[in-house]
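Chemist: Give me a model of this one.
(chains A and B)
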Amino acid sequence: MDSICIVGASLAGIRAAQTLRSDGFSGQIVLVGDELEKPYDRPPLSKEALFDPAYNEGEPLYLVKGQDYDALELEERLGWRATSLNVEERIVEIGEVGETITKTEQIQTDAILLATGARAINIFRENLAGVYTLRSFEDCVVIRHELLALAEQVESKQAKSKRVAIVGAGFIGCEVAAVARWLGLEVSLIEMASQPLSRVLGEEIGACVADIHREKGVDVHLNTMVEGLIGEEPNRVEGLYLVPFVAGEGNGATPKTAEKEELPADLVIVGVGATPNIEWLEGSGLALDEENKGVLCDEYCLAAENIACAGDMASWMNLRYKKQMRVEHWDNAIEQSKFAVRNLLAGGTSSKSKGIQEPFAPIPWFWSDQYEHKIQLSGIPSIDSKTVEFEILDGSIEEKKFAAVFKQNGKVTGIFGLNTPRLVMTNRHLIESDFPFPP
Amino acid sequence: MKVVVDYDLCESNAVCMQVAPEIFEVRDDDFLYVLNETPDESLREKLVESVQRCPKQAISIEED
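Modeler: Take a look at the predicted model:
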């Protein structure tokens, strides 16, 4: 293998390049990314980068800095978007991002790593100013300006109060809520489910997260759907229409025929999840996983011969759980990219690089920072069924400092920690012994 | 090589302790302790992984 094209210049892409170089790969690495910025870290975008004056507004937090970046000797195509893939010939067609794509190029390499990530979903069709999703540094800069401008109006008493409505109480929504409260803004957090994060953490711990936000003065709306936005197009958003929402069986969920409630808002942040950037691969011949919505890969993260995937867009067979899964966690992108490129190298056709491929079988892990609270989860609490049960390992929910063990069918499926990072890590072995790999 | 931790950035996520328990320990007080500031070359891969997987980019390596 003498050349590789990495499609996607974010976390998985850059960590893959680092792994290639530290493993001694001296061939050509082409890095394609549709943003102009060099690879940067996204988790701060919904946290400190939104408010911290120490955070240099002009620059994101780069994942590899200065000389270390130069030493990777990447052939960059930043500001270029991949538009199609020829699997047999391993040709990636790319176009320069602009109003319309006019300049195109074809890249032919020995191997390809696909790591095009995911993009934020916007559920609103209204053409109103002041409505944002948050995914890129560019989004962060715009939202930061909006938040600081609103906070300034309140501080200077030009306005009595300003309200940020956050649609979706997932991690991004909860984190932005924390920042907006910090800045002295009124915050409404709107969630369709019965509790924030309840699909991942269950009702009781979800309720604890809701309490954290209520204690900080957030106006929390649960079992609530946003029916539409208030405002005159193309002017600024003025508020939202809320309706009660009752979750039904399976995916089915039926809004009651109830009166709509008007919630005034000066800024709307939409945090209802992300969808993988895989449309460009339709018709390429690569199999797409309908259920997980990612590119279908085997346990080695390979989608085809000499083509691997990593990060948010990869649906691979995690042999630890014997399940096809797609994981959108930050840590997963790092780990998966390493396995993916090493398996590409090992599967190379030149005898020099041929080695042993290794299945990627992690226990997922993530963290979230909200106010002074640190949330962490190892494992997949609901791996076997939708209902999750837990036992408190240490501390208590009331004091907002506890570690909990999730169990299903007598097996430990997850370790959760609220302000107990040490315990999440030191008890991970409980998951490992109930879900061993290799078995 | 020398392990450098920026304690202003460190939030004790404890990922480093999981990756390289020979070098890092988050104790009961929830603070990170570096057990070995100048680890042996054989620990380089683990240390590099700790650097890359630290959610706060708080760890770096100083070469001799």
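
Chemist: Dump the longest helix seen in chain B to PDB, keeping only the CA atoms.
Modeler: As assigned by DSSP state H, the longest helix anywhere in chain B is helix B:44-53. Presented in PDB, the C-alpha positions along helix B:44-53 are these (Å, rounded to 0.1, in the frame of the first residue of the first chain):
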ATOM      1  CA  ARG B  44       5.200   5.400  24.400                       C
ATOM      2  CA  GLU B  45       2.300   4.000  22.500                       C
ATOM      3  CA  LYS B  46       0.100   4.100  25.600                       C
ATOM      4  CA  LEU B  47       1.200   7.600  26.400                       C
ATOM      5  CA  VAL B  48       0.400   8.800  22.900                       C
ATOM      6  CA  GLU B  49      -3.000   7.200  23.100                       C
ATOM      7  CA  SER B  50      -3.600   9.000  26.400                       C
ATOM      8  CA  VAL B  51      -2.700  12.300  24.700                       C
ATOM      9  CA  GLN B  52      -5.000  11.600  21.800                       C
ATOM     10  CA  ARG B  53      -8.000  10.400  23.900                       C
END
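
Chemist: What sits closest to residue 50 if chain neighbours are left out?
Modeler: This is for chain A. A:Val179 (4.5 Å; Cβ to Cβ, 6 or more residues apart in numbering or on different chains). For every residue, glycine as well, the C-beta is placed using N, CA and C.

Chemist: Hmm, no, I was thinking of chain B.
Modeler: B:Cys16 (4.0 Å).

Chemist: and that neighbour, that one's in a strand?
Modeler: No: judged by DSSP: H, G, I helix; E, B strand; the rest coil, B:Cys16 forms no part of a strand; its state is helix.

Chemist: Report the separation between it and B:Ser60.
Modeler: 12 Å (Cβ to Cβ, to the nearest Å).

Chemist: before we move on, what about A:Ala49?
Modeler: Computed with Cβ to Cβ, the distance linking A:Ala49 and B:Ser60 is 20 Å.

Chemist: With A:Glu299 instead?
Modeler: Counting by Cβ to Cβ, the gap from A:Glu299 to B:Ser60 is 33 Å.

Chemist: Looking at these two, which is more packed in?
Modeler: Using other Cβ atoms under 10 Å in any protein chain shown, the more surrounded residue of A:Glu299 and B:Ser60 is A:Glu299, with 19 against 15.

Chemist: tell me the pLDDT at A:Ala258?
Modeler: pLDDT for A:Ala258: 73.

Chemist: what residue is smack in the middle of chain A?
Modeler: In chain A, the residue lying closest to the centroid (Cα atoms, centre = their mean) is A:Glu328, at 4.7 Å.

Chemist: is it true that that one touches A:Ser315?
Modeler: No: using Cβ atoms under 8 Å, A:Glu328 is not in contact with A:Ser315; the gap is 11.3 Å.

Chemist: which ones are touching the residue nearest to B:Ser50?
Modeler: With contacts defined as Cβ atoms under 8 Å, 6 or more residues apart in numbering or on different chains, the neighbours of B:Cys16 are B:Ile23, B:Phe24, B:Leu32, B:Ser50, B:Arg53, B:Cys54, B:Ile59.

Chemist: of the residues you listed, closest to A:Gly184?
Modeler: If you rank the contacts of B:Cys16 by distance to A:Gly184 using Cβ to Cβ, B:Cys54 comes first, at 31.2 Å.

Chemist: for that closest one, what are its contacts?
Modeler: With contact set as Cβ under 8 Å, 6+ apart, B:Cys54 has these partners: B:Asn13, B:Val15, B:Cys16.

Chemist: Good, wrapping up.
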